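**Q** Structure for the following, please:
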Amino acid sequence: MIESMPARVGAAFAALVFAVHPLRVESVAWITERRDVLSGLFFLLSILFYLRATDGGGFIRGRWRTASLLAFAGAFLSKSIVMTLPGVLLLLDVYPLRRLRLGWRALLLEKWPYAAITAAGAVVAMLALRIGASASAWSQTGMGARVGVVAYAFWFYPSRWVWPAGLSPLYELPPRVDLGQGRFLGPLVALFAVTASSSPMTATAISRGSALPWWRAARSGRCFAPRAQAGSAGRP
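**A** Numbers count the residues shown, from 1 in each chain. Just a heads-up that it's a prediction; the model follows:
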């Protein structure tokens, strides 16, 4: 049903779901989480301008590229979770833009300004989070634990989206996060299984499965941020 909706109706439906869904209560109702909406706006604008810059699948055009970079900087100033945008743009180059004929070298060179913004913003964000009371040190939660928490979140958020029960403003991490624990290892194994099963082999498979790697790329930045919680009710 949703696939048959006109583009504007689909966009209105998505905005309505975002506004009324309990999982987004912080972003909609709390001024402290208004950064979610602001960063999301600039994130989508950056993608829109990038699509305009690559209209026709050829080399990127200057003015739209500049607009995309400025929007990306605005998104980063709003919230650092948008650091994964360069990876998302590469996925868009593969599908639906189909720009691989330009070669990976050309596509990667196009992304260096985005990578520069990401690197600078990531350093500032890490320093700010380490100073804040909510940040956890790498010694407390190393890379293995962070991967486990992110894998858990890949399933936590969709399940709460489908069935928003038992929500809380904050989900504290257990005193010890072990990647070998079932609650973290199970989602990680399942994530790899879904990734393997959704590997695009045909144009149809790509069109149907492109949203999954796009979402994984958009979420993966949480592996590298200081963590003090496993999830939250209203944060994307």
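
**Q** Phi and psi next, for D178.
**A** When read as degrees, to the nearest 10, the backbone of D178 gives phi -120, psi 120.

**Q** Tell me, how many residues neighbour it?
**A** 13 (other C-beta atoms under 10 Å). Any C-beta I mention is one placed from the backbone N, CA and C, and that applies to glycine too.

**Q** Check the gap between it and L185 for me.
**A** Per C-beta to C-beta, to the nearest Å, D178 is found 9 Å from L185.

**Q** Find residues that contact each of these two.
**A** Contact criterion C-beta atoms under 8 Å, 6 or more residues apart in numbering; residues shared by D178 and L185: G148.

**Q** Any stretches of this structure with poor pLDDT?
**A** Residue ranges of the chain with pLDDT under 70: 1-5, 56-59, 129, 132-141, 195-236.

**Q** how about the helices in the chain?
**A** Counting by DSSP state H, the segments of the chain that form helices are 7-20, 25-29, 34-53, 62-78, 85-94, 104-110, 112-131, 143-162, 182-197, 203-209, 211-219.

**Q** just these: most buried one?
**A** helix 85-94 (a mean of 20; mean count of other C-beta atoms under 10 Å).

**Q** Run through the neighbouring helices and strands of that helix.
**A** Using 3 or more C-beta pairs under 8 Å, 6 or more residues apart in numbering; DSSP states H and E as the contact test, the elements touching helix 85-94 are helix 34-53, helix 104-110, helix 112-131, helix 211-219.

**Q** Which of those sits closest to L97?
**A** Ranking the helices and strands packed on helix 85-94 by proximity to L97 (C-beta to C-beta) places helix 34-53 first, at 7.6 Å.

**Q** Counting by contacts, list what that closest one packs against.
**A** By 3+ C-beta pairs under 8 Å, 6+ apart, helix 34-53 packs against helix 25-29, helix 62-78, helix 85-94.

**Q** From the rest of the structure, what touches it?
**A** Contacts with helix 34-53, where a contact means C-beta under 8 Å, 6+ apart, come from 24, 26-28, 60-61, 63-65, 67-69, 71-72, 74-76, 78-79, 81-82, 85, 88-89, 92, 97, 234-236.

**Q** just the angle between that helix and helix 85-94, please?
**A** Using axes from the mean of the first three to the mean of the last three C-alpha atoms, to 10 degrees, the inter-axis angle of helix 34-53 relative to helix 85-94 is 40 degrees.

**Q** Kindly format the C-alpha coordinates of helix 34-53 as CSV.
**A** Extracted in CSV, the C-alpha atoms of helix 34-53 (Å, rounded to 0.1, in the frame of the first residue of the first chain):
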residue,chain,number,x,y,z
ARG,A,34,15.3,19.2,19.3
ARG,A,35,18.8,18.6,17.9
ASP,A,36,17.4,15.3,16.5
VAL,A,37,15.0,17.2,14.3
LEU,A,38,17.5,19.9,13.3
SER,A,39,20.3,17.4,12.5
GLY,A,40,17.8,15.3,10.5
LEU,A,41,16.7,18.3,8.5
PHE,A,42,20.3,19.2,7.5
PHE,A,43,21.2,15.5,6.9
LEU,A,44,18.3,15.1,4.5
LEU,A,45,19.1,18.5,2.8
SER,A,46,22.7,17.4,2.4
ILE,A,47,21.5,14.2,0.6
LEU,A,48,19.0,16.2,-1.5
PHE,A,49,21.7,18.6,-2.6
TYR,A,50,24.0,15.7,-3.4
LEU,A,51,21.4,14.1,-5.5
ARG,A,52,21.0,17.4,-7.4
ALA,A,53,24.7,17.6,-7.8
